[in-house]
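Q: got a structure for you, letters missing:
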Ligand SMILES: [Zn+2]
């Protein structure tokens, strides 16, 4: 057990976060989209910072930036820590950037204080996670873990019609990112803002993530009969919108009954013909359902499909449910999570276990190597917005916890 006094320089990390926020397209908040000049500027700047921290730096075939602190113990597996450098449009300063800035700061501090580790440590700034410019997500960690192995995705376009392939070429990256695949990652640790209300509401400093929720998305199409709003008696209607409303109220109640961490959302709903004096003959809505356990997620989705079908039958409506996304839950490594909980106790940090309802780079590593995630509170639960904020004290607590875990893993 480590009883070494660790005091990572939070001030350096906070300065780095501010400096990174300056690499942004104009407009409110931070906008740093994949393979844009501001993105290139940020990755280049980070590489300089990594060099300054005494790390060996490298950019891979898709633009992920690594800073390495080589181990002396002859281990061939790397302990990787970091997050993503891209943002949503008009996002905040902390989503992704916090994990990157903390990783660079922690490795620089460990090197200065304790010299080279036994096991190799690497900080990473993944090129892309959000899917904000091109319709792909996890473009950085996905190449490192083999989710993307070159091929089709590079032909998709951004809003201006520029293909991903062209954007990569303009930044000097080859068309194939196959060379970015890593077989030498022995563990992955990610520090991130919570982007939710759980920690703030409970007045806790740290969330130790047990799992990243799996997601299912569907598009539902309900067919009824459009008709005159004045001349069609209530008993003779097949109102697609009233049917959809009944389905969505069932969904909300069932999700509440299922309890945390199950969440179910209908984020978009369109009624046709969409006219005040016509009974809606057709309705489309989306569903987003998440849970950390595959069996429960599957069971809930099946129950929802059955309940919707029963509503449709009773109301004489047609129902078509199309699955548009399915990702499996990603359990974090219990041993690493246990270490984090013990380190919280040792450092006097208040904490709880939790599920991440949002996706993160860590979920791509979880099936391949032990992975861990640390959350710090987000004020008001706000993220993906310029108002995103975590206090310097909260950010410092997360940095210290990350540093302590990396110290244990690489030096002891
Ligand atoms: Zn993020």
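A: Everything's here; your move. All values derive from a computational prediction rather than experimental measurement.

Q: where does the chain dip in pLDDT?
A: 1-3, 150-152 (pLDDT under 70).

Q: which parts of the longest helix anywhere in it are buried?
A: In the chain, taking DSSP state H as the definition, the longest helix is helix 294-315. Buried residues in helix 294-315, counted by 16 or more other C-beta atoms under 10 Å: 297, 300, 301, 304, 305, 307, 308, 311, 312, 315. Bear in mind the C-beta positions are built from the backbone N, C-alpha and C, glycine included.

Q: measure the third one to the ion for me?
A: Between residue 301 and the ion the distance, using C-beta to the ion, to the nearest Å, works out to 25 Å.

Q: that residue against residue 214, yeah?
A: No: counting by C-beta atoms under 8 Å, residue 301 does not reach residue 214; the two are 10.2 Å apart.

Q: quick check on the residue of the stretch 301-412 of the chain found nearest the ion: phi, psi?
A: Nearest residue of the stretch 301-412 of the chain to the ion: residue 360, at 6.0 Å (C-beta to the ion). Dihedral angles phi and psi of residue 360 (degrees, to the nearest 10) take the values phi -150, psi 160.

Q: let me see the contact set for residue 395.
A: Each residue near residue 395 by C-beta atoms under 8 Å, 6 or more residues apart in numbering is listed here: 10, 13, 14, 17, 94, 98, 102, 376.

Q: how much space between the residue of the stretch 301-412 of the chain closest to the ion and residue 130?
A: As judged by C-beta to C-beta, to the nearest Å, residue 360 and residue 130 stand 11 Å apart.

Q: who's more crowded, these two?
A: More crowded of residue 360 and residue 130, by other C-beta atoms under 10 Å: residue 360, with 25 against 22.

Q: I figured the more buried one hits residue 192, correct?
A: Yes: contact criterion C-beta under 8 Å: residue 360 and residue 192 qualify, at 6.1 Å.

Q: what do those two both touch?
A: Listed as contacting both residue 360 and residue 192 by C-beta under 8 Å, 6+ apart are 83, 373.

Q: re the thing from before, ok, the contacts of residue 395 vs residue 288, which is closest?
A: Residue 288 lies nearest to residue 94 out of the contacts of residue 395, by C-beta to C-beta, at 23.5 Å.

Q: for the closest one, which non-adjacent residue is closest in space?
A: Among residues not flanking residue 94 along the chain, residue 193 sits closest, at 4.8 Å (C-beta to C-beta, 6 or more residues apart in numbering).

Q: what about that neighbour, how many residues nearby?
A: Using other C-beta under 10 Å, the number of residues around residue 193 comes to 29.

Q: can you check residue 370 too?
A: Residue 370 has 19 nearby residues by other C-beta under 10 Å.

Q: likewise the one 3 residues further on?
A: Using other C-beta under 10 Å, the number of residues around residue 373 comes to 31.

Q: for it, what are its contacts?
A: When contacts are counted by C-beta under 8 Å, 6+ apart, residue 373 is found next to 189, 190, 191, 192, 208, 209, 212, 332, 356, 360, 362.

Q: quick check, distance from the helix or strand hosting residue 165 to the centre of its chain.
A: Using DSSP states H and E, residue 165 maps to helix 164-170. Relative to its chain's centre, helix 164-170 lies at 24 Å (C-alpha atoms, centre = their mean, to the nearest Å).

Q: what residues of it count as buried?
A: Result for helix 164-170 [16+ other C-beta under 10 Å]: buried residues 164, 165, 166, 167, 168.

Q: got it, and stretch 184-204?
A: Using 16+ other C-beta under 10 Å as the test for burial, stretch 184-204 gives 185-196, 198-200, 204.

Q: contacts only, for the residue lying closest to residue 195 once chain neighbours are set aside.
A: Excluding the flanking residues, the one nearest residue 195 by C-beta to C-beta, 6+ apart is residue 383, at 3.6 Å. Counting by C-beta under 8 Å, 6+ apart, residue 383 makes contact with 91, 92, 94, 95, 193, 195, 196.

Q: likewise residue 143?
A: Neighbours of residue 143 in contact, by C-beta under 8 Å, 6+ apart: 60, 61, 62, 64, 177, 178, 180, 181.

Q: report the separation between it and residue 164.
A: 12 Å.

Q: could you say which helix or strand holds residue 87?
A: Here residue 87 is assigned to no helix or strand, by DSSP H and E.

Q: of all the buried residues of stretch 184-204, which two lie farthest apart?
A: Taking C-beta to C-beta as the measure, the buried residues of stretch 184-204 span a maximum distance of 33.7 Å, between 186 and 200.
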